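In: what follows is a predicted structure for the sequence shown.
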Amino acid sequence: MTHFLARRALGLALTVWIVVTLAFLMMRLVPGGPFSAERRLPAAVAANVDARYHLDWPLWRQYVQYLGPLNVDTHGLFGDRERVFGGVLAGDLGPSFRHRDYTVNQILAESLPVSLALGSLALVWSIALGTVIGVVGAARRGSKLDLWLRMGSSLGIALPSFVIAGLLVLVFALTLGWLPVAGNTSFAHFVLPSLALGAPVAAYIARLVRTGLIEALSQDYIRTAIAKGLPFSTVVRRHALRGGLLPAISYLGPAAAGVLTGSLVIERIFAIPGTGSHFVASALDRDYTLALGVTIVYSVLIYSLNALVDLAYTRLDPRIALEEL
């Protein structure tokens, strides 16, 4: 366990550094800047604005400052006596270029819980619904019910989440008036976006659970248990389901990361002030620090969730050692 955690911690640090470096370079090399879309400023004012956010520094110097571990006097290293923000290694993601009165840390502290709540709700119901559909499909393999469930799963995979979102809004909000369209002030506001966000995940889980359970039910020890007279539901629940869930567990790592970090479009559609909305806006506004901050948070989430899935995999199948992952 200790060796596994140490390897994952080292891998996380290396991954985040590579992501930050590539994202930093790509953001800076794209023509234009965070203030290019504003009205043309006098040369002196533009120079002061660039100096305020250190955009007049050489690229390597901006990179070193962004990574810098301490909020220290930069005299001696850069030749000036100016205090700059702490840097990524100090947990300081810097000021936002577009939200002038906020730092990136403050924006993420306000928006990330909203995105995590939406993603967690979508993930919970998609896992529950996908597992139930997969188990029923495997247990009733070849029946009309199985056919309809497979067709529904294929439809859920084929339709993009924003199309599902539009259909849900049209039916449950505009036609029936049961649920609100936009906002995040109550649980009801999260129902439609979580359904739209989790539908493709539920469809994938249903297909994986069905396939894994059918394979598990064909094993000799399962046939032996059935031959001994155990009820089929007991055999499925106590013996076959553990092995049948393995394919779905493997998928849960990227699926959970995708749900928690892939709500960009859904948040924009339902006007939810989450991190995804800020990420889209930061890319359009060329808000370098905010875009990089969201990228770092998403990278940590994705890597951590994949590590948790590896741990869960070994719990379900003890034959797999952590050193093999």
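Out: Great, that's in hand.

In: how close does Asp92 sit to Glu110?
Out: In this structure, Asp92 and Glu110 are separated by 17 Å, where distance is defined by Cβ to Cβ, to the nearest Å. Where you see a C-beta, it was placed from the backbone N, CA and C, and this is true even at glycine.

In: now do Ser126
Out: As for Ser126, its distance to Glu110 is 26 Å (criterion: Cβ to Cβ).

In: what does Thr131 give?
Out: The span separating Thr131 from Glu110 equals 34 Å under the rule Cβ to Cβ.

In: got it, and Trp125?
Out: Noted for Trp125: a distance of 25 Å to Glu110, by Cβ to Cβ.

In: of the two, which one has the most company?
Out: Just comparing Trp125 and Glu110: by other Cβ atoms under 10 Å the higher neighbour count belongs to Trp125, 18 against 14.

In: can you pull the contacts of that one?
Out: Applying Cβ atoms under 8 Å, 6 or more residues apart in numbering, one finds that Trp125 lies in contact with Ser194, Leu195, Gly198, Ala202.

In: what residues are up against Leu112?
Out: Contacts of Leu112 were listed using Cβ under 8 Å, 6+ apart, and they are Gly274, Thr275, Val297.

In: between these, which is nearest Glu215?
Out: Sorting the contacts of Leu112 by how near they are to Glu215, with Cβ to Cβ, puts Val297 at the top with 37.3 Å.

In: number of residues surrounding the closest residue in space to the closest one that isn't next to it in sequence?
Out: Of all residues beyond its chain neighbours, the one nearest Val297 is Leu108 (6.2 Å), with distances taken as Cβ to Cβ, 6 or more residues apart in numbering. One way to gauge burial is a neighbour count; for Leu108, by other Cβ under 10 Å, it gives 20.

In: need the pLDDT of Leu59.
Out: As summarised for this prediction, Leu59 has a pLDDT of 78.

In: host element of the closest residue to it other than its chain neighbours?
Out: By the measure of Cβ to Cβ, 6+ apart, the closest residue to Leu59 outside its immediate chain neighbours is Arg28, 5.8 Å from it. Arg28 belongs to helix 2-29 when elements are defined using DSSP states H and E.

In: and that helix, how far out from the chain's middle?
Out: Remark: helix 2-29 is offset 16 Å from the chain centroid, using Cα atoms, centre = their mean, to the nearest Å.

In: give me the buried positions along that helix.
Out: Of the residues in helix 2-29, those with enough neighbours to count as buried (16 or more other Cβ atoms under 10 Å) are Phe4, Arg8, Leu12, Val16, Val19, Val20, Ala23, Phe24, Met27.

In: what's the closest non-adjacent residue to the fifth one?
Out: This means Val19. Closest residue in space to Val19, ignoring its immediate chain neighbours: Ser299 at 4.7 Å, by Cβ to Cβ, 6+ apart.

In: any idea how far the one you found is from Arg140?
Out: When Cβ to Cβ is the yardstick, Ser299 and Arg140 sit 42 Å from each other.

In: who has more neighbours, these two?
Out: Ser299 (20 against 13).

In: buried residues in whichever strand or helix holds that one?
Out: In the assignment (DSSP H and E), Ser299 maps to helix 288-316. Taking 16+ other Cβ under 10 Å as the neighbour-count basis, helix 288-316 is seen to contain the buried residues 288-299, 301-303, 305-307, 309-310, 312-314.

In: and for stretch 180-191?
Out: Judged by neighbour count using 16+ other Cβ under 10 Å, the buried positions of stretch 180-191 are Pro180, Asn184, His189, Phe190, Val191.

In: cool, and stretch 154-173?
Out: The neighbour-count criterion (16+ other Cβ under 10 Å) identifies Gly156, Leu159, Ser161, Ile164, Ala165, Leu168, Val169, Phe172, Ala173 as the buried residues of stretch 154-173.

In: next: stretch 223-231.
Out: Neighbour counts over stretch 223-231 (16+ other Cβ under 10 Å) mark Ala225, Ile226 as buried.

In: for the protein, which helix extends over the most residues?
Out: The helix that spans the most residues within the chain, counting by DSSP state H, is helix 104-139.

In: mean confidence for that one?
Out: Computed over helix 104-139, the average pLDDT equals 88.

In: which pLDDT value belongs to Val19?
Out: For Val19, the model assigns a pLDDT of 85.

In: got it, and the one 4 residues further on?
Out: With respect to pLDDT, Ala23 has a value of 82.

In: Val294 is in contact with that one, correct?
Out: No - at 9.8 Å, Ala23 does not count as touching Val294 under the criterion of Cβ atoms under 8 Å.
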